[in-house]
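> 3D, please:
(one chain, ligands or ions: 1)
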Amino acid sequence: MLNGEKMLFSGMQATGTLTLGNYLGALNNWLTLSDEYKCLYCVVDEHSITVRQDPAELRKRARNLLTLYIAAGLDPEKNIIYYQSHVSAHAELAWILNCYTYMGELQRMTQFKDKSAKHADNINAGLFTYPVLMAADILLYQADVVPVGIDQMQHLELTRNIAERFNNIYGDVFTVPEAYIGKVGAKIQSLQDPSKKMSKSDENVNASIYLTDDRDTIIRKFKRAVTDNEACVRYSDDQPGIKNLITIYSAVTGKTPAEVEAEFAGSGYGDFKLAVGEAVADRLNPIQAKQADLLANKDYVDSIIKNNAEQANYLAQKTLRKVQKKVGFPERIR
Ligand code: TRP
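Take a look at the predicted model:
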């Protein structure tokens with residue numbers, strides 16, 4: 001779209017504290033992809049208000065997330081890193097796409113069903129049309145690929161259906177996006193129950209490594225990780241706890257599971273857990289330091305926010321204008 005470059009769009013919500021699972025499953029993939037595509041990485045703050053938020057807290061978390069993107073290594077000179085709420089075209093396109101999405105389709109969304117069960121006192125219309133806003137995010141930028149976790153696949157499939165439906169009526173308006181599921185993607189399990197995904201909403205703080213955890217906390221949590229009695233560092237479904245630790249260690253060191261098995265052949269779990277904790281801390285600590293630097297450097301971050309939102313706006317307006325024309329809105333008088 002942009003000089004023939006392939007476009008990538010992805011986003012995260014600024015709710016909860018991100019975990020090592022989010023980092024290895026999402027952010028880390030984004031880093032490798034940012035060389036191949038023209039990328040937009042959005043902080044989807046508009047999606048967040050489908051659930052009640054404390055305004056000051058939401059604003060703070062959004063800035064934390066945006067600076068985390070940069071601290072993790074996404075270059076804001078090469079990628080467009082911005083807040084969804086700074087580009088009004090998202091909401092405008094979402095309105096139009098609402099008129100091309102069926103109630104029945106939205107009723108089938110498992111995330112809607114889960115969230116309405118969880119927030120039974122606030123089943124608002126935004127929660128229902130959440131996937132349409134997500135479709136607008138993606139389609140506005142003519143994204144070719146969208147890195148998402150397995151839990152968002154259904155929303156991406158809906159996005160594709162909406163795009164195809166619209167294109168069938170009006171001609172080729174939208175690029176129909178493909179999902180990109182990373183290799184490690186979303187496969188980091190809880191440290192306390194390796195049959196469950198590591199989750200930012202787990203009540204047991206020892207189950208998850210938060211990206212804000214300091215070195216000692218990280219090492220302590222790995223020491224307490226649930227394993228087994230096999231006393232053998234082996235990458236096997238019969239040893240889900242150890243398998244998870246190997247996955248994590250592989251992801252942060254770049255070693256293959258077989259190399260990790262060889263490295264720790266004959267070692268006890270204590271030594272292995274310590275090595276995993278140290279490797280994870282070595283990876284996260286510099287990111288944390290860089291993020292703290294950014295948060296202290298208000299003018300610099302503000303200039304990035306302003307500049308990147310302008311770039312996003314420019315691209316988004318191109319698509320929005322085209323769509324408005326197609327559906328029959330009057331031309332603007334200049
Ligand atoms: N719904 C996604 C999630 O909760 C976040 C999101 C919003 C997103 N818009 C997006 C992800 C567009 C990819 C593309 O994880």
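
> every contact and neighbour count from this point should use C-alpha atoms.
Fine.

> if the nearest residue to Leu211 once chain neighbours are set aside is in a bridge, with which residues?
Closest residue to Leu211 apart from its sequence neighbours, by C-alpha to C-alpha, 6 or more residues apart in numbering: Thr19 at 5.3 Å. Thr19 forms beta bridges with Tyr210, as assigned by DSSP bridges.

> tell me who's in contact with Thr19.
Each residue near Thr19 by C-alpha atoms under 8 Å, 6 or more residues apart in numbering is listed here: 198-200, 208-211.

> cool, Thr227 as well?
Counting by C-alpha under 8 Å, 6+ apart, Thr227 touches 239-242.

> what about it, distance to Leu139?
44 Å (C-alpha to C-alpha, to the nearest Å).

> same check on Val252?
33 Å.

> any regions of the stretch 101-250 of the chain where pLDDT drops low?
By pLDDT under 70, the weakly predicted segments of the stretch 101-250 of the chain are 183-186.

> what segments of it are strands?
For the stretch 101-250 of the chain, the strands defined by DSSP state E, counting those that start in this stretch cover 145-147, 178-180.

> contact partners of the first one?
For strand 145-147, the surrounding residues in contact (C-alpha under 8 Å, 6+ apart) are 7-10, 26, 29-30, 138, 177-182.

> thinking again about what came up before, so Val252 and Leu139 - more neighbours on which side?
Leu139 (27 against 18; other C-alpha atoms under 10 Å).

> dump the residue contacts of that one.
By C-alpha under 8 Å, 6+ apart, the residues touching Leu139 are 159, 163, 174-177.

> may I ask which of the residues you listed has the most neighbours?
With neighbours taken as other C-alpha under 10 Å, the top of the contacts of Leu139 is Thr159, carrying 26 neighbours.

> how far away is the residue lying closest to it once chain neighbours are set aside from Ser88?
In this structure, Thr159 finds its nearest non-sequential neighbour in Ala135, 4.7 Å apart by C-alpha to C-alpha, 6+ apart. According to C-alpha to C-alpha, Ala135 and Ser88 sit 15 Å apart.

> ok, Tyr300 - how many residues close by?
Tyr300: 11 neighbours (other C-alpha under 10 Å).

> got the confidence number for it?
According to the prediction, Tyr300 has pLDDT 98.

> so what's it closest to, chain neighbours aside?
Tyr300's closest residue in space is Leu294 (C-alpha to C-alpha, 6+ apart), at 7.7 Å.

> so who does that neighbour touch?
By C-alpha under 8 Å, 6+ apart, the contact set of Leu294 is 67, 71, 300-301.

> keep only those of the residues you listed that are in helices.
Under the assignment DSSP state H, these contribute 67, 71, 300-301 to helices.

> for the stretch 1-150 of the chain, what lies in contact range of the ligand?
Taking C-alpha under 6 Å from any ligand atom as the criterion, the neighbours of the ligand within the stretch 1-150 of the chain are 9-13, 44, 134, 137-138, 146, 148.

> residues in contact with stretch 54-64: which ones?
Residues contacting stretch 54-64 (C-alpha under 8 Å, 6+ apart): 13-15, 43, 45, 83, 291, 295.

> hmm, 10 Å instead?
Applying C-alpha atoms under 10 Å, 6 or more residues apart in numbering, the external contacts of stretch 54-64 come out as 12-17, 43-45, 48-49, 52-53, 67-69, 82-83, 291-292, 294-295, 301, 305.
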